[in-house]
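A.B. asks: just a sequence and a predicted model for now, questions to come.
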Amino acid sequence: MSLNLLMPEFIVDRNYERCIGCQVCVRQCANLVHYYDEEENRVFTDESNCVNCHRCACLCPTKAITIRRNPLEFKENANWTPRAIREIYKQAETGGILLTGMGNDRPYPVYWDHMLINASQVTNPSIDPLREPMELKTFLGGKPDVLRIKEGKLDEELPPQLELEIPVMFSAMSFGSISYNACEALARAASGTGIMWNTGEGGFHKNLRKYGSNTIVQVASGRFGVDPDYLEAGAAIEIKIGQGAKPGIGGHLPGEKVSSDISETRMIPAGSDAISPAPHHDIYSIEDLRQLIYSLKEATDYKKPVSVKIAAVHNVAAMCSGIARAGADIIAIDGYRGGTGAAPLRIRDNVGIPVEFALAAVDTRLREEGIRNRVSLVCAGGHKEQRRHYKSGGAGSGCRLYCPVCTDCHGMPYVPEVLHGQVQLGDCDAGPLVDKEAQPGNCFEKTYESS
Ligand code: SF4
Ligand code: SF4
């Protein structure tokens, strides 16, 4: 066994008095923590890869598993926090950069939580939702300078709008970064609730195109899966320039994850690395962006709204002014807490600004320039609770992106990419192992067979 300077972060306890040996945990753990020993006819544990996702504990039919934090601590030192020591050990051990998922988990202030909503008690009467009809229907897209109403109806041709039953959407996650099952779950949920899911940069799987009216198709720097049919298949098109978890950084899907299905959907050879360059090589100026926006509009007969997604950074207000003037219908701003499948840890935790500040700056700038009506703002990165959604809406975002992750990759903080050859897996990951393991039939049905 090789020398390992790091003890497991979590301890997996199995109560053998309860364990019936069904091996659900063996099949369900994406990190190969549980294994079955034929000679001993028993399930054992190698907890060095456990990320405390709770999957095995929840799916164990006899609730025989408990996961707890390893109480073994580093010697106290205010300058050398356990986190810093672990990160340095991990980096030294792997020789690679530290990759991680989710959004920034540092204890930076959440400004939404320091804002109170100013209620209007004398202007608008309060609404009793039990007795008075109420709706949260939202239309995203540019609006004209003046709205003309004739005989109680809108007498105006609006630019193409994206219609949502509630002002919330799923944030973009590509097929490849997440599995087909996870993509389909999002598509079906969006369709059932009247909102949108977003293909991310992974193309649009042919089986999911029936959900096109609830789908935003993304055009990112790698242009994976982009052709006229793809653009036509969605309800809106999003040009992704940046994302909050890694502003200015591209993407990389390792070749081992590019299965035949992913290769067909992304239109790249199976087994080849899918690299998304940091910049769009066809956008080096605001004029280039305008050209791309209008190329996409032209390709779809001006029937679909075009959104531009950017990360929240210091000059976001000026950028949004340019994007609005370039003809975008929607601007999605992603703050530094925005999620990701994988990003360098140092970037995720140290780059970007809170979306609260970005939204305020953008809203103010667009109002001052008299072009606020030309675009809807979509806000992402840190809307973890309903109250933050309300406050974000009050501050000017027409809609919020909500990360639908199951938090199963939340425990994958310091991924030794070199050791594993790939980013460690959450349950919706598209890794071949998870794809195989996390099939519904792999869970209880087999439990009952074997018990
Ligand atoms: S899932 Fe099955 S094998 Fe694993 S601990 Fe529970 S009962 Fe035992
Ligand atoms: S990684 Fe998740 S599924 Fe695997 S042992 Fe740890 S808690 Fe269980």
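C.D. replies: Happy to help now that I have it. Ligands and ions are numbered 1, 2, ... in the order given.
A.B. asks: spit out the contact partners of the closest residue to residue 141 other than its chain neighbours.
C.D. replies: Leaving out its chain neighbours, the residue that sits closest to residue 141 by Cβ to Cβ, 6 or more residues apart in numbering is residue 161, at 4.0 Å. Yep, even glycine has a C-beta here, placed from its N, CA and C like the rest. Counting by Cβ atoms under 8 Å, 6 or more residues apart in numbering, residue 161 touches 139-141, 305.
A.B. asks: likewise residue 281?
C.D. replies: By Cβ under 8 Å, 6+ apart, the contact set of residue 281 is residue 221.
A.B. asks: where along the stretch 301-450 of the chain do the helices fall?
C.D. replies: With helices called from DSSP state H, counting those that start in this stretch, the stretch 301-450 of the chain shows them at 316-325, 345-350, 355-368, 386-394, 417-420, 432-437, 444-450.
A.B. asks: sorry, back to before: what about the residue nearest to residue 141, distance to ligand 2?
C.D. replies: 42 Å (Cβ to the nearest ligand atom, to the nearest Å).
A.B. asks: measure residue 231 to residue 220 for me?
C.D. replies: 13 Å (Cβ to Cβ, to the nearest Å).
A.B. asks: kindly report the same for residue 181.
C.D. replies: With Cβ to Cβ as the criterion, residue 181 and residue 220 are 22 Å apart.
A.B. asks: between the two, which has more neighbouring residues?
C.D. replies: Just comparing residue 181 and residue 220: by other Cβ atoms under 10 Å the higher neighbour count belongs to residue 220, 25 against 16.
A.B. asks: surely the more buried one touches residue 237?
C.D. replies: No: in this structure, residue 220 is not within contact of residue 237 by Cβ atoms under 8 Å, at 11.2 Å.
A.B. asks: and the nearest residue to residue 113 once chain neighbours are set aside, what does it touch?
C.D. replies: In space, and not counting its chain neighbours, residue 113 is closest to residue 388: 7.5 Å by Cβ to Cβ, 6+ apart. For residue 388, the contacting residues are 110, 112-113, 382, by Cβ under 8 Å, 6+ apart.
A.B. asks: buried subset of the residues you listed?
C.D. replies: By neighbour count, with 16 or more other Cβ atoms under 10 Å, the contacts of residue 388 hold 112, 382 as buried.
A.B. asks: could you find the lowest-pLDDT member of the contacts of residue 388?
C.D. replies: Minimum pLDDT for those is recorded at residue 382 (82).
A.B. asks: hmm, that residue is touching residue 339, no?
C.D. replies: No: using Cβ under 8 Å, residue 382 and residue 339 do not qualify as a contacting pair, with a distance of 9.8 Å.
A.B. asks: overlap in contacts, these two.
C.D. replies: residue 103.
A.B. asks: so where's the stretch 351-451 of the chain uncertain?
C.D. replies: Scanning the stretch 351-451 of the chain for pLDDT under 70 picks out the ranges 399-451.
A.B. asks: and if we set it to 80?
C.D. replies: 396-451 (pLDDT under 80).
A.B. asks: would you map the helices across the stretch 1-150 of the chain?
C.D. replies: Going by DSSP H, counting those that start in this stretch, the stretch 1-150 of the chain shows helices at 24-28, 55-59, 82-94.
A.B. asks: isn't residue 268 right next to residue 258, touching?
C.D. replies: Yes: between residue 268 and residue 258 there is a contact under Cβ under 8 Å: 6.7 Å.
A.B. asks: list residues touching both of the two?
C.D. replies: residue 274.
A.B. asks: out of the contacts of residue 161, which touch ligand 2?
C.D. replies: By Cβ under 6 Å from any ligand atom, no member of the contacts of residue 161 lies near ligand 2.
A.B. asks: from these, which is closest to ligand 1?
C.D. replies: For those, the residue nearest ligand 1 by Cβ to the nearest ligand atom is residue 140; the value is 44.7 Å.
A.B. asks: that closest one against residue 332, yeah?
C.D. replies: No: counting by Cβ under 8 Å, residue 140 sits too far from residue 332 to count as a contact (9.7 Å).
A.B. asks: which of these two has more neighbours?
C.D. replies: A side-by-side neighbour count of residue 140 and residue 332, using other Cβ under 10 Å, places residue 332 first with 31 against 24.
A.B. asks: now do the contacts for that one.
C.D. replies: By Cβ under 8 Å, 6+ apart, the residues touching residue 332 are 238, 307-310, 377-380, 401.
A.B. asks: could you list which of the residues you listed belong to strands?
C.D. replies: 238, 307-310, 377-380, 401 (DSSP state E).
A.B. asks: nearest to ligand 1 among the residues you listed?
C.D. replies: Checking those one by one against ligand 1 (Cβ to the nearest ligand atom), the nearest turns out to be residue 401, at 35.1 Å.
A.B. asks: now the ones in strands among the contacts of residue 332 in a markdown table, with neighbour count and distance to ligand 2?
C.D. replies: A markdown table is the format used below for the ones in strands among the contacts of residue 332 (neighbours: other Cβ atoms under 10 Å; distance: Cβ to the nearest ligand atom, whole Å):
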| residue | neighbour count | distance to ligand 2 |
| --- | --- | --- |
| 238 | 27 | 32 |
| 307 | 26 | 35 |
| 308 | 29 | 37 |
| 309 | 28 | 31 |
| 310 | 22 | 34 |
| 377 | 23 | 37 |
| 378 | 27 | 33 |
| 379 | 30 | 32 |
| 380 | 29 | 27 |
| 401 | 26 | 26 |
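A.B. asks: can I get these in TSV including distance to residue 213?
C.D. replies: Below are those laid out as TSV (distance: Cβ to Cβ, whole Å):
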residue	distance to residue 213
238	16
307	16
308	21
309	20
310	26
377	23
378	18
379	23
380	22
401	19
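A.B. asks: which one of those sits closest to residue 357?
C.D. replies: Of all the ones in strands among the contacts of residue 332, residue 379 has the smallest distance to residue 357: 11.5 Å, by Cβ to Cβ.
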